[in-house]
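Peer 1: Task: produce atomic coordinates for the following.
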Amino acid sequence: MRRHNGDGDDTMAPAAPETYSVETTIVLTGVSAVQLARYERARLVLPLRAGGRRYYRASDVQRIRKVRRLQRDLGINLAGIEVVLRLTEQLDELRRRLAAYEADGGAPPAEEERG
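Peer 2: Prediction:
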């Protein structure tokens, strides 16, 4: 699947619904290339890799924006951001499970789901 990679070169991007090159991701998120590399080293964002290039999904772009806000607006360091993101993901999962529980009429989860 061909995607314009944002630097004037059309290349083969990974088969994903929408992916962005590093250059385009920088424009979309407002972070510098150095900061983006820091986020990757901290494993806060894990881009797709193909042909020696990195590509970011729309969900990665949203995550980068969230990381930037937490760092810039709240002054949280990258280690703290990792904790915030992990807890947010756990909370989202619990909300999904609660919604499924309520949709089933309040039936308790199966025994293997409780662990």
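
Peer 1: Any regions of the protein where pLDDT drops low?
Peer 2: Along the chain, segments meeting pLDDT under 70 span 1-16, 107-115.

Peer 1: at 90 instead, please
Peer 2: 1-18, 102-115 (pLDDT under 90).

Peer 1: what ranges do the strands span in it?
Peer 2: 2-4, 10-12, 19-20, 48-50, 53-57 (DSSP state E).

Peer 1: How many residues are close by Tyr55?
Peer 2: 23 (other Cβ atoms under 10 Å). C-beta coordinates here come from the backbone N, C-alpha and C atoms, glycine included.

Peer 1: Distance of it relative to Leu44?
Peer 2: Separation of Tyr55 from Leu44 (Cβ to Cβ, to the nearest Å): 17 Å.

Peer 1: residue contacts, the residue minimising distance to the centre of the chain?
Peer 2: In the chain, the C-alpha nearest the mean C-alpha coordinate belongs to Asp60, at 3.3 Å (Cα atoms, centre = their mean). Shown in contact with Asp60 (Cβ atoms under 8 Å, 6 or more residues apart in numbering): Thr25, Val45, Leu46, Pro47.

Peer 1: Just give me the neighbour total for the second one.
Peer 2: The reference is to Val45. Per other Cβ under 10 Å, the neighbour tally for Val45 reads 22.

Peer 1: try the third one
Peer 2: The local packing of Leu46 (other Cβ under 10 Å) involves 13 other residues.

Peer 1: go on, the last one?
Peer 2: Residues lying near Pro47 (other Cβ under 10 Å) number 21.

Peer 1: which residues does the residue nearest to it when sequence neighbours are not counted form a beta bridge with?
Peer 2: Nearest residue to Pro47, sequence neighbours excluded (Cβ to Cβ, 6 or more residues apart in numbering): Arg54, at 4.0 Å. For Arg54, the beta-bridge partners are Arg49 (DSSP bridges).
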